[in-house]
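Colleague: output the structure for:
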Amino acid sequence: MKLNHLNLAVSDVVQTQQFLQTYFGFQPLTKGSPVLTVLQDENGLVLTLSNFSKVTEVIYPQEFHIGFIQSSQEDVNTINQRLKDDGFMVEPPRSLHNSWTFYCQVPGGFLIEVLCLNQM
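Modeller: As a prediction, the model looks like this:
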């Protein structure tokens, strides 16, 4: 069994959709709106972004995040640099919990981790 659908409550559906499309290759499955959009990644994960309550801030627990596992440290470095070049505040990747990783706050109000697992 694999996880293949997730809904994230976000403060800005449109901005979050654009971010995920631009940096992680998600494609829309629906036209989308400021309240709801449905996206899919190349592995078949269906990700719904919603703001049914039309809130301006979403508060997740501090440790909550979603991850994008990359195939190499080079890929992690490339995404990190691209985010920096586009004005996002990200620290350089580092070796942490058996991976090469960095974290980034997404415009919609949640945290992502971009990582490459180290070979043991």
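
Colleague: only C-alpha atoms from now on, for both contacts and neighbour counts.
Modeller: Noted.

Colleague: ok, now how distant is the closest residue to V35 other than its chain neighbours from H5?
Modeller: Nearest in space to V35, with sequence neighbours left out and distances taken as CA to CA, 6 or more residues apart in numbering, is N51 at 4.8 Å. Distance, N51 to H5, using CA to CA, to the nearest Å: 17 Å.

Colleague: just to revisit the earlier point, these two touch, right, the residue nearest to V35 and G32?
Modeller: No: contact criterion CA atoms under 8 Å: N51 and G32 do not qualify, at 11.6 Å.

Colleague: okay, M120: pLDDT?
Modeller: pLDDT for M120: 48.

Colleague: residues contacting M89?
Modeller: Neighbouring residues of M89 by CA atoms under 8 Å, 6 or more residues apart in numbering: L83, C104.

Colleague: I should have written L49 there, sorry.
Modeller: For L49, the contacting residues are N7, L8, A9, V10, V13, T16, Q17, L36, T37, V38, L39, by CA under 8 Å, 6+ apart.

Colleague: next one: N77
Modeller: P92, P93.

Colleague: looks to me like it is in a strand.
Modeller: No: assessed with DSSP: H, G, I helix; E, B strand; the rest coil, N77 is helix; it does not lie in a strand.

Colleague: if we can go back for a sec, any idea how many residues pack against the residue nearest to V35?
Modeller: Around N51 sit 21 other residues, with neighbours defined as other CA atoms under 10 Å.

Colleague: does K2 sit in a helix, a strand or a coil?
Modeller: coil.

Colleague: for it, what are phi and psi?
Modeller: Dihedral angles of K2 (phi, psi; degrees, to the nearest 10) stand at phi -130, psi 150.
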